[in-house]
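Colleague: predicted coordinates and the sequence they were generated for:
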Amino acid sequence: MRLFLDTANIDEIREIDRWGVLSGVTTNPSLIAKEGGDPEAVWKEILAEVDGDISLETTELEAGPMYEEGLRLAGMAPNAVVKVPMIPAGLEVGKRLTSEGIRTNVTLVFSAAQAILAAEIGAYCVSPFLGRLDDVGADGMKLLHDICEIYAVQGYASNVLAASLRHPMHVVDAALAGADIATMPYDVFTKLVKHPLTDSGLERFLADWRKLQGEQPSMHEDQPSRAEEQAKKAKKQEREAGH
Ligand code: G3P
């Protein structure tokens, strides 16, 4: 399962990219708006930064303008993937772009029926939003399992991109379900690497290492040095000789 960052923040992208595990980035209009400034400049910086798929989302609602927008986004770089919403115009444009060799990501998918439509237009990927389903009392992970099973049974080639992930177990369960890609915010990504036993284990290893190097102040406190031992011995001998 490939790991993507769901952000438009270049600092977050650069930090995680240094780990060597980042295969792509997904953006959406809300994430771009959060960064402020010129969207085109933000997209271009991300496209140049990451050697992987970068999803850029269309904002037009009519098929004609959406298609033009999709062409413009796809032309920004070879690693651009055009995001279209799961609406009739999004399917129409997605199909047209796909037939022209442009990779598309069908977004805002909340049902298995919608995922079937995305696969039928030959989308490069389909993005079910797990967390947002959980938020309304539905079962996002169950949907992901269903989509993965349907795609396997039907032999659909589209990648299943688990989106709207809120915590590390969402990522683990998405991998178990067979998702091809998991996209997550920076805070979820950083939580993947953390474990309290790793931290305490490392602390112990380093403390033992410092002890060995003689740098541990407690070493001098707990264990007397050779010179101190000799001085003690000499004092004892003096005392004994005095008697
Ligand atoms: O980018 C699409 C999706 O991952 C959004 O997630 O957290 O806004 O529900 P969220």
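Modeller: Structure received. The structure presented is a predicted model; accordingly, all values stated were derived computationally and were not measured.
Colleague: quick one, what contacts the residue nearest to residue 103 when sequence neighbours are not counted?
Modeller: Of all residues not flanking residue 103 in the chain, residue 124 sits nearest, at 3.8 Å (CB to CB, 6 or more residues apart in numbering). The C-beta positions use only the backbone N, C-alpha and C, and glycine is treated the same way. Residue 124 makes contacts with 81, 98, 103, 104, 105, 158, 159, as judged by CB atoms under 8 Å, 6 or more residues apart in numbering.
Colleague: break this structure into its domains for me.
Modeller: For the chain, automatic domain parsing gives the domain ranges 2-192, 209-242.
Colleague: tell me the most buried of these?
Modeller: domain 2-192 (a mean of 19; mean count of other CB atoms under 10 Å).
Colleague: quick check, that one touching the ligand?
Modeller: Yes: counting by CB under 6 Å from any ligand atom, contacts between domain 2-192 and the ligand involve 6, 26, 28, 129, 131, 132, 163, 164, 183.
Colleague: isn't the third one right up against residue 105?
Modeller: No: assessed by CB atoms under 8 Å, residue 28 is found out of contact with residue 105, at 10.2 Å.
Colleague: so what sits against both of the two?
Modeller: Taking CB under 8 Å, 6+ apart as the criterion, residue 28 and residue 105 both touch residue 83.
Colleague: now do the phi/psi pair for residue 38.
Modeller: Residue 38 has phi and psi values of phi -90, psi 120 when expressed as degrees, to the nearest 10.
Colleague: ranges for the helices of this structure?
Modeller: Along the chain, the segments classed as helices by DSSP state H run 10-17, 29-35, 39-49, 63-74, 88-99, 112-120, 130-135, 140-154, 168-177, 186-192, 196-213, 217-222, 226-242.
Colleague: name the helices or strands packed onto the fifth one?
Modeller: Pointing back at helix 88-99 there. helix 63-74, strand 80-85, strand 104-109, helix 112-120 (3 or more CB pairs under 8 Å, 6 or more residues apart in numbering; DSSP states H and E).
Colleague: do the fourth one as well
Modeller: The elements that helix 63-74 packs onto, with contact taken as 3+ CB pairs under 8 Å, 6+ apart, are strand 80-85, helix 88-99.
Colleague: possible to save those as CSV with mean pLDDT?
Modeller: CSV is the format used below for the helices and strands packed on helix 63-74 (pLDDT from 0 to 100):
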stretch, mean pLDDT
strand 80-85, 98
helix 88-99, 98
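Colleague: wait, which of these is closest to residue 202?
Modeller: Nearest to residue 202 among the helices and strands packed on helix 63-74 is strand 80-85; the distance by CB to CB comes to 38.1 Å.
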